[in-house]
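K.L.:
No sequence on hand, only this structure:
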Ligand code: ARG
């Protein structure tokens, strides 16, 4: 049987090479449930427009339901000669309803408006799944932050000791970007929801009096596209989704990199749970952070998917071009990647053991309290430029003697400057330093506690 959707003007069927090149069922089959939902809605508007009798509508819906059941059970699958998910399902419907009734459904729709709608519906559903997984990671970070409230660690810039901070503060700094990713997913969804392209036809709309708004509402959209050419040929919604997926990957990769460092002998900040780490086939002592490394690696793949998509879309003339069939694999891969990565990553974070003693011991080291001396001097009325130099002089003395700032004696301080009275000692502790940074968003315990509540209220 010739399953082509076009027969009329063609003397011969497609060459085997064309069929092989053209075929997309091996990746677009996952759109089948959405295509069937679209067919149901389309059948209803055909009926409303007077193009399908009530009896035909119920027979049609029964046929679609039967096909749906067979798709779900695996009894109906694409055949090698089916070009794409849409043509395969049309064949399935014809087989069930016969060409007379089955052949009525294609009126007023095109695979161009179908695929543009289904792809949106698919991504909307997976945006919700991904959002739930990202939220789980945010909650795992918040729980770890809450469990370690008050524990200090060395805060770094340029990977060098900078100022002591609370571990909770640091963990929450990884959570906030993910909260913004959640916002991005929500905003993306609201934008996509408003523009269902079903009813746009191949590009120009339909002459059959079908109501795109009714189809949109039926498929869970809030509105239909204002421009049928744009509706069938734009894929910025795909690129934007791929961007958010890549950004999630990048955000996760930054935490991954830190966990990899923290898990080294040199840092010794964390121990990974056995269930979320791997061993070595040759070195019995090894316990490797593979999840974090895979997260770091897969972020590259997510970025590649976005870059590839944008390259496909660049300079495409209006309206639909077959190039657009290349839009699906990259973003399907981004969805699959995040849906397999995030649960493992969240499990690793949830089960991390933090060695807070080790972190506390390192927190003041590397002259991390130098800024505290300078800011103490400023509070004593010394201009910051001079305060910065005096504190730097303290660091220099320490460096020469191989000691830390809190090991300087009152006489040492006095010898550096008369401004450095013994009162300076009160800021030379990690607790004092952390407690003093009580500006909004700062590392003081009161602020971090506040911040944690603010974060939880954003994801609850
Ligand atoms: N499978 C195509 C795609 O994914 C949709 C079919 C449109 N084909 C066409 N010749 N107009 O973009």
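P.N.:
That came through fine. Quick caveat: nothing in here was measured; it's all calculated off a predicted structure.
K.L.:
So in this structure, which helix runs the longest?
P.N.:
The residue-count maximum for a helix in the chain (DSSP state H) belongs to helix 111-147.
K.L.:
Give me the buried stretch members for that helix, please.
P.N.:
111-124, 126-127, 130-131, 133-142, 144-146 (16 or more other Cβ atoms under 10 Å). (Glycine included, C-beta is placed from N, CA and C.)
K.L.:
Also near the ligand: which of those residues, exactly?
P.N.:
Among the buried residues of helix 111-147, the residues within reach of the ligand (Cβ under 6 Å from any ligand atom) are 111-112, 115.
K.L.:
Now do the host helix or strand of residue 92 against helix 111-147, angle only.
P.N.:
Using DSSP states H and E, residue 92 maps to helix 85-102. Here the directions of helix 85-102 and helix 111-147 differ by 130 degrees (axes from the mean of the first three to the mean of the last three Cα atoms, to 10 degrees).
K.L.:
Quick one: residues in contact with helix 85-102.
P.N.:
Under the criterion Cβ atoms under 8 Å, 6 or more residues apart in numbering, residues 3-5, 24-25, 28-29, 31-32, 35-36, 39, 56, 59-60, 63-64, 66-67, 70-71, 76, 78-79, 82, 103, 105-106, 111, 114-115 lie in contact with helix 85-102.
K.L.:
okay, now the domains of the protein?
P.N.:
Domain ranges of the chain: 16-107, 112-148+162-208+230-355, 362-447, per automatic domain parsing.
K.L.:
Can I get those in CSV including mean pLDDT?
P.N.:
Output for the domains of the chain, formatted as CSV (pLDDT from 0 to 100):
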stretch, mean pLDDT
domain 16-107, 97
domain 112-148+162-208+230-355, 97
domain 362-447, 94
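K.L.:
looking at the ones you listed, which is closest to residue 460?
P.N.:
Of all the domains of the chain, the one in closest proximity to residue 460, counting by Cβ to Cβ, is domain 112-148+162-208+230-355 (9.0 Å).
K.L.:
now the helices for the stretch 201-350 of the chain?
P.N.:
For the stretch 201-350 of the chain, the helices defined by DSSP state H, counting those that start in this stretch cover 212-218, 228-233, 236-262, 290-313, 328-350.
K.L.:
how about those helices in a markdown table, adding mean neighbour count and distance to the ligand?
P.N.:
Compiled in a markdown table, the helices of the stretch 201-350 of the chain are given as follows (neighbours: other Cβ atoms under 10 Å; distance: least, Cβ to the nearest ligand atom, whole Å):
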| stretch | mean neighbour count | distance to the ligand |
| --- | --- | --- |
| helix 212-218 | 20 | 18 |
| helix 228-233 | 22 | 9 |
| helix 236-262 | 22 | 11 |
| helix 290-313 | 19 | 11 |
| helix 328-350 | 20 | 6 |
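K.L.:
Where does the closest residue to residue 427 other than its chain neighbours sit, in terms of helix or strand?
P.N.:
Excluding its sequence neighbours, the residue lying closest to residue 427 (Cβ to Cβ, 6 or more residues apart in numbering) is residue 372, at 4.1 Å. For residue 372, the host element (DSSP H and E) is helix 370-379.
K.L.:
That helix packs against which elements?
P.N.:
Packing partners of helix 370-379 (3 or more Cβ pairs under 8 Å, 6 or more residues apart in numbering; DSSP states H and E): helix 384-401, helix 430-436.
K.L.:
quick one: the longest helix of the chain to helix 236-262, angle?
P.N.:
30 degrees.
K.L.:
and helix 111-147 with helix 328-350, angle?
P.N.:
Computed by the same axes, to 10 degrees, the angle separating helix 111-147 from helix 328-350 equals 10 degrees.
K.L.:
Use 419 as the first number for this chain going forward.
P.N.:
New numbering, starting at 419: the last item is helix 529-565.
K.L.:
So what touches the very next helix or strand once past helix 529-565?
P.N.:
Once the chain leaves helix 529-565, the next helix or strand it forms, by DSSP H and E, is strand 570-575. Defining contact as Cβ under 8 Å, 6+ apart, one finds that strand 570-575 is touched by 579-585, 588, 687, 774, 777-778, 780-781, 783-784, 786, 848-849, 852, 861.
K.L.:
ok and the residue in the stretch 519-668 of the chain nearest the ligand?
P.N.:
residue 529 (3.6 Å; Cβ to the nearest ligand atom).
K.L.:
Now that residue: closest residue in space that isn't a chain neighbour?
P.N.:
residue 504 (4.6 Å).
K.L.:
repeat for residue 705
P.N.:
Nearest non-adjacent residue to residue 705, counting by Cβ to Cβ, 6+ apart: residue 695, 5.0 Å away.
K.L.:
give the contact list for the one you found.
P.N.:
Taking Cβ under 8 Å, 6+ apart, we find residue 695 in contact with 705-709, 766.
K.L.:
got the contact list for the helix holding residue 790?
P.N.:
For helix 788-797, the external contacting residues (Cβ under 8 Å, 6+ apart) are 581, 802, 804-806, 808-810, 812-813, 823, 837-838, 841-842, 844-846, 850-851, 854.
K.L.:
Kindly recompute the last result at 6 Å.
P.N.:
With Cβ atoms under 6 Å, 6 or more residues apart in numbering as the contact definition, helix 788-797 has outside contacts at 581, 802, 805-806, 809, 812-813, 837, 842, 845, 851.
K.L.:
and which of those residues is nearest to residue 740?
P.N.:
residue 581 (56.5 Å).
K.L.:
Can you lay out the helices of the stretch 619-768 of the chain as JSON lines showing distance to residue 433?
P.N.:
As requested, those are exported to JSON lines (distance: least, Cβ to Cβ, whole Å):
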{"stretch": "helix 630-636", "distance to residue 433": "36"}
{"stretch": "helix 646-651", "distance to residue 433": "27"}
{"stretch": "helix 654-680", "distance to residue 433": "30"}
{"stretch": "helix 708-731", "distance to residue 433": "25"}
{"stretch": "helix 746-768", "distance to residue 433": "24"}
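K.L.:
Quick one: closest of the ones you listed to residue 597.
P.N.:
For residue 597, the closest of the helices of the stretch 619-768 of the chain is helix 654-680, at 10.0 Å, according to Cβ to Cβ.
K.L.:
and that closest one, what other elements does it pack with?
P.N.:
helix 585-611, helix 708-731, helix 746-768 (3 or more Cβ pairs under 6 Å, 6 or more residues apart in numbering; DSSP states H and E).
K.L.:
okay, the angle between the shortest one and helix 708-731?
P.N.:
With the same axes, to 10 degrees as the basis, helix 746-768 and helix 708-731 are set at 160 degrees to each other.
K.L.:
From the chain's centroid, how far away is helix 746-768?
P.N.:
Chain-centre distance of helix 746-768: 8 Å, with Cα atoms, centre = their mean, to the nearest Å.
K.L.:
got a list of contacts for that helix?
P.N.:
For helix 746-768, contacts defined as Cβ under 6 Å, 6+ apart pick out 445-446, 544, 548, 551, 554-555, 558, 656, 659-660, 663, 670, 694, 709, 713, 716, 720, 723, 726-727.
K.L.:
Perfect, I'm done here.
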